[in-house]
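>>> fold the following for me, if possible:
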Amino acid sequence: MTPFDSLVIGAGQVGLSASHHLCRLGIEHVVLDANTHAGGAWQHRWDSLTMADVHGVADLPDAPAPGASSTRANEVIACWFDDYEQSHDLPVLRPVRVERVTDEEGLLVVHAEAGTWTTRTLVNATGTWTHPFVPTYPGQRDFAGEQWHTVAYPGREHFRGRRVLVVGGGASAVQFIGELATIAHVQWVTRRPPAWSAEFSGRRAIEMVEQRVREGRPPASVVSVTGLSLRPQEMAAARTGVYERRREMFERIESDGVRWADGSTEAFDAILWATGFRPAVRHLAPLGLRSPEGGIALLPGSRDVQTSVTAAADPRVQLVGYGPSASTIGGNRAGRAAALAVRAHLAAADSALP
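As a prediction, the model looks like this:
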């Protein structure tokens, strides 16, 4: 089969942006998406997350983002993405869950249960949603209650009247605590003290994340470099003292709760792991992109830190929504940068032919 000039894995916001720019540049490509419907990770977020709760959704190229409202974000953004795919005639195939990408005689071969695709270049836009992180603790499997991760949060009412331990120091933990404080007994615990911040410096945060990926280290979470803040709807919960975290981490999980470092035990009906996600890049392992430091090093961007998308170990591969471009605004910039990098690579490869 004639290989595609490029192939995009993932049809979330950054994947759609990349596809739009590839189309604009006249680069033949296909987009493979694991979901059965349009909407990226947004379609899987919990129902209580409304458009008024999200931290802003950036415009897609030639398409303004939906504004703040009380409507469920998982419905609004999914419909917006679907309309975008249709109106721009983007070449999205679904559901196609990519299993691995290999290098065969200088071409990239994308393997999935649904078939294989061969391409000259690759834009990886798989984000983090499909790779939730849950730490392990002694006794974890013996816990008789429920354990939930952010990725499967069942909603506020599920926890009414129950004793809930929220684990994790990110923005999701803050939101869950704010939702549950008035209807459940909530205890918060984090491995490190939460860093509260009244000001948000997006540029500074991006620069710190970009430095890590340039050195080949795994990307850090946004909260680790920006700190936490309370939204107006969480201020009432804050006045109850619910955000006063337990200062020491538990040592083990018991069948009916946890055992703290001082030997005391506390009963809980549910543990909510708001412990974040890791980049979903396992399918790229055969390409050997990881550095000795454990991350995928990216080459410096041509314009700003959010255009740092090219894998240092293989310039055929562009990673968008990874590291400094892991935000809605950064994702759009990265989509354009990836398309331009693909065009430059194809041109250089063609000019080198005899």
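
>>> my guess is Ser322 contacts Val281, does it?
Just to correct that, residue 322 is Tyr rather than Ser. Yes - using CB atoms under 8 Å, Tyr322 is in contact with Val281, at 7.4 Å. For every residue, glycine as well, the C-beta is placed using N, CA and C.

>>> looking at the two, which is more packed in?
Tyr322 (29 against 21; other CB atoms under 10 Å).

>>> hmm, back to that, between Tyr322 and Val281, which contacts overlap?
Counting by CB atoms under 8 Å, 6 or more residues apart in numbering, the shared contacts of Tyr322 and Val281 are Asn124, Ile296.

>>> for the closest residue to Gly335 other than its chain neighbours, grab the count of nearby residues.
Distances taken as CB to CB, 6 or more residues apart in numbering place Ser17 nearest to Gly335, at 2.9 Å, with adjacent residues excluded. The number of residues packed near Ser17 is 31, by other CB under 10 Å.

>>> against Phe133, how distant is Ser17?
According to CB to CB, to the nearest Å, Ser17 stands 26 Å off from Phe133.

>>> ok, back up a step: quick check: the residue nearest to Gly335 is in a helix.
Yes - using DSSP: H, G, I helix; E, B strand; the rest coil, the assignment for Ser17 is a helix.

>>> right, and it touches Arg336 too?
Yes - using CB under 8 Å, Ser17 is in contact with Arg336, at 6.9 Å.

>>> how near is the residue lying closest to Gly67 once chain neighbours are set aside to Leu287?
Nearest non-adjacent residue to Gly67, counting by CB to CB, 6+ apart: Met51, 7.1 Å away. Distance, Met51 to Leu287, using CB to CB: 38 Å.

>>> before we move on, what about Leu90?
Distance of Leu90 to Leu287, given as CB to CB: 25 Å.

>>> correct me if wrong: Val30 contacts Trp117.
Yes - assessed by CB under 8 Å, Val30 is found in contact with Trp117 at 6.5 Å.

>>> what sits in contact with each of the two?
Common contacts of Val30 and Trp117 (CB under 8 Å, 6+ apart): Phe4, Leu7.

>>> quick check: the closest residue to Arg97 other than its chain neighbours vs Arg45, distance?
In this structure, Arg97 finds its nearest non-sequential neighbour in Ala34, 4.3 Å apart by CB to CB, 6+ apart. As defined by CB to CB, Ala34 lies at a distance of 16 Å from Arg45.

>>> more neighbours: which of these two?
Neighbour tally, Ala34 and Arg45, criterion other CB under 10 Å: the higher count belongs to Arg45, 21 against 17.

>>> which non-adjacent residue is nearest the more buried one?
Per CB to CB, 6+ apart, closest to Arg45 is Asn74, 4.8 Å.

>>> test my guess that that neighbour contacts Gly40.
No - look at Asn74 against Gly40 with CB under 8 Å: they stay out of range, at 10.3 Å.

>>> please say which of these two ends up with more neighbours.
Comparing Asn74 with Gly40 by neighbour count (other CB under 10 Å), the higher total belongs to Gly40, at 25 against 19.

>>> now the more buried one. Its backbone dihedrals?
Backbone torsions of Gly40, given as degrees, to the nearest 10, read phi 50, psi -150.

>>> just the pLDDT for it.
Looking at Gly40, its pLDDT reads 94.

>>> from what I see, it and Ala11 are in contact.
Yes - counting by CB under 8 Å, Gly40 touches Ala11, with 6.3 Å between them.

>>> remind me which residues of the chain are low pLDDT?
55-56, 194-215, 219-240, 302-306, 327-330 (pLDDT under 70).

>>> where do the helices sit along it?
Along the chain, the segments classed as helices by DSSP state H run 13-24, 73-87, 171-180, 202-214, 222-226, 232-238, 328-351.

>>> let me see the contact set for the residue most central in space within the chain.
In the chain, the C-alpha nearest the mean C-alpha coordinate belongs to Thr128, at 3.3 Å (CA atoms, centre = their mean). Neighbouring residues of Thr128 by CB under 8 Å, 6+ apart: Ala41, Phe277, Arg278, Pro279, Ala280, Ala326.

>>> that older thread, how near is the residue nearest to Arg45 to Val54?
Distance from Asn74 to Val54, counting by CB to CB: 10 Å.
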